[in-house]
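Q: Got a predicted structure plus its sequence, pasted below:
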Amino acid sequence: MARLAVVTGGTRGIGEAICFALKDAGCNVIATYAGNDEAAKLFTERSGVPTYKFDVGDFDACQETVRQIENDLGSIEILINNAGITRDGTMHKMTFEQWDQVIQTNLASCFNMCRAVIDGMRERNFGRIVNIGSINGQAGQYGQVNYAAAKSGIHGFTKALAQEGAAKNITVNAIAPGYIATEMVRAVPENVLEKIVAKIPVGRLGEADEIARGVVFLASDDAGFITGSTLSINGGQHMY
Ligand code: CAA
């Protein structure tokens with residue numbers, strides 16, 4: 001039977017590509033999103049993938065919506081923690097809100113969603129969790145203490161949960177994308193982005209599909225011996 005996969009932040013950018021790729025690989029896919037109804041509607045029209053709207057930074061909303069999804073469609077076997085935002089700014093200009101929004105959406109969301117699915121995965125003795133980290137969580141980035149801290153946290157979270165899940169056939173891995181051609185990266189000032197691209201050995205931004213193909217592999221039954229690992233997909237920009 002097709003496995004049920006949930007992709008947070010699945011209606012746009014890398015998340016959208018992950019939804020399409022998991023669907024092509026034969027999964028039943030659900031996308032979650034927080035705010036952009038229009039993008040979600042267009043996404044469902046294009047993909048046929050249903051969406052659920054809630055804030056992944058809200059613990060209670062995650063527990064309630066996961067219960068709802070499981071009532072509607074069955075057990076969640078694959079969870080892709082992809083939802084993420086940027087609120088860039090240097091430390092001396094960053095507000096508490098910019099710090100907190102990024103920590104809640106990018107890092108606390110991983111706890112909130114994993115906590116909601118972990119009991120079921122343990123009972124069924126199967127699970128695949130893939131967390132989307134970042135090159136900037138590995139290497140740091142000027143203007144991103146919030147984002148780098150959250151993404152770095154994801155990498156530690158992944159290794160700890162991988163140890164807990166291993167005996168129950170639940171694998172937990174991370175992907176660390178480099179600079180991918182999405183709205184998030186296009187929002188970086190042009191002169192700054194040019195300098196970043198100049199430092200990518202492959203000589204270009206990545207494509208969302210190039211991340212999605214890595215996710216599909218880590219989420220597959222074939223990847224059962226891979227857990228606690230981070231797959232860097234960054235065109236050689238940072239070799240970790
Ligand atoms: N290293 C050292 N110095 C830097 C620097 C860097 N990487 N970037 C900027 N500076 C310097 C500038 O040269 C400038 O110095 P001078 O005043 O002496 O010329 C000073 O810092 C201020 O720079 P800005 O004018 O850019 O300052 P700002 O306050 O207007 O903006 C910023 C700061 C918001 C951080 C802006 O530089 C920016 O947006 N940078 C991009 C941050 C980034 O890479 N974000 C990634 C988003 S995509 C993503 O996160 C996805 C992923 O996972 C990869």
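A: Alright, I've got the coordinates. Residues are numbered from 1 along each chain as shown.
Q: Provide the partner residues of L231 in its beta bridges.
A: I175 (DSSP bridges).
Q: is it true that it touches T158?
A: No - look at L231 against T158 with CB atoms under 8 Å: they stay out of range, at 10.8 Å. In short, each C-beta sits where N, CA and C put it, glycine included.
Q: And the single nearest residue of the chain relative to the ligand, how far from T90?
A: As assessed by CB to the nearest ligand atom, the ligand sits closest to G143 within the chain, at 2.1 Å. To T90, G143 is 5 Å away according to CB to CB, to the nearest Å.
Q: Which of the two has more residues huddled nearby?
A: Ranked by neighbour count (other CB atoms under 10 Å), G143 and T90 place G143 first, with 18 against 10.
Q: mind checking which helix or strand of this protein has the lowest mean pLDDT?
A: Every helix and strand of the chain was ranked by mean pLDDT, DSSP states H and E. The lowest is helix 183-186, at a mean of 92.
Q: Can you name the next helix or strand after that helix?
A: Next along the chain after helix 183-186, taking DSSP states H and E as the criterion, comes helix 190-198.
Q: For the very next helix or strand once past that following helix, buried residues please.
A: Remark: after helix 190-198, the chain's next helix or strand is helix 208-219, criterion DSSP H and E. For helix 208-219, burial by neighbour count (16 or more other CB atoms under 10 Å) applies to 208, 210-212, 214-219.
Q: helices or strands up against helix 208-219?
A: helix 13-24, strand 78-81, strand 127-132, strand 170-177, strand 230-233 (3 or more CB pairs under 8 Å, 6 or more residues apart in numbering; DSSP states H and E).
Q: got the residues of this structure near the ligand?
A: 86, 88-90, 93, 134-136, 141-144, 147, 177, 179, 184-185, 188-189, 192 (CB under 6 Å from any ligand atom).
Q: And the residue nearest the centre of this structure?
A: Closest to where the C-alpha atoms of the chain average out (CA atoms, centre = their mean) is N82, at 1.6 Å.
Q: Now list the buried members of the residues of the chain next to the ligand.
A: Buried by 16+ other CB under 10 Å: 86, 88, 134-136, 141, 143-144, 147, 177, 179, 185, 188, out of the residues of the chain next to the ligand.
Q: So which of those residues sit within strands?
A: P177 (DSSP state E).
Q: which of the buried ones among the residues of the chain next to the ligand lies closest to I226?
A: P177 (17.6 Å; CB to CB).
Q: Just the terminal-to-terminal distance for stretch 95-110.
A: 23 Å (CA to CA, to the nearest Å).
Q: Go through it and flag the buried ones.
A: Neighbour count says stretch 95-110 has 98-99, 101-110 buried, by 16+ other CB under 10 Å.
Q: again, but for stretch 124-141
A: 126-138, 141.
Q: can you give me the end-to-end distance of it?
A: For stretch 124-141, the end-to-end distance is 40 Å (CA to CA).
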